[in-house]
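Participant: One predicted model, sequence on top.
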Amino acid sequence: MKRLLPVIAMGLLTLGGCANSDLYSGDVYRGSQAKTGQTVTYGTITALRPVQIQASDQNSGVLGGLGGAVIGGLLGNQIGGGSGRTIATAAGAIGGSVAGSKIEDKANQTNAWEIEVRRDVGDTVIVVQKADRQWQVGQRVRLIGSGANMSVAPY
């Protein structure tokens, strides 16, 4: 059983990195956006900045923390004997939990662009979306949607 626990823990950590980041793409629509009218405006990209999107999940860090605690506890249990082993196991579990949560958070980040667009109507908007396309300053684009539901698409 002791040999199976690290395998289970690594499986949990791997699942933690499976957050669906496609919803941050300008090419992916949510189901609620299908068959609805979208406002379209046009503009020119005036600035680009590479950023990260942190996937937010209500269980964020739980799988990584749990898996890290199991691995850390198992490693800590290999040290010393008696009460020293108990302390090492507890310290390993706590340290592993913290490390596992941080690893999961990093795995749930998506490369993105902060795209600043000067719209033809004269104002400027910034849209952050997944970096699944190459953009260039000066490129003409379409802005689809409004407010929290806006994406940038090639013109």
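Facilitator: Structure's in. What do you need?

Participant: Going by C-alpha atoms from here, please, whenever you check contacts or count neighbours.
Facilitator: OK.

Participant: Tell me which stretches of this structure form helices.
Facilitator: 4-16, 62-76, 82-107 (DSSP state H).

Participant: for the chain, which strand is longest?
Facilitator: In the chain, with assignment by DSSP state E, the single longest strand is strand 40-54.

Participant: List the neighbouring strands of that one plus their orientation.
Facilitator: If you go by DSSP bridges, strand 40-54 pairs up with strand 109-119 (antiparallel), strand 140-144 (antiparallel).

Participant: what sits up against the shortest one?
Facilitator: Contacting residues not belonging to strand 140-144 are listed as 38-45, 150-155 [CA atoms under 8 Å, 6 or more residues apart in numbering].

Participant: what sits opposite residue 50 in the beta ladder?
Facilitator: residue 113.

Participant: just residue 128 next, same as before
Facilitator: Here residue 128, judged by DSSP bridges, has bridge partners residue 114.

Participant: close enough to count as contact, it and residue 111?
Facilitator: No: contact criterion CA atoms under 8 Å: residue 128 and residue 111 do not qualify, at 10.2 Å.

Participant: picking that back up, worst average pLDDT in the strands paired with strand 40-54?
Facilitator: The minimum mean pLDDT among those belongs to strand 109-119 (a mean of 92).
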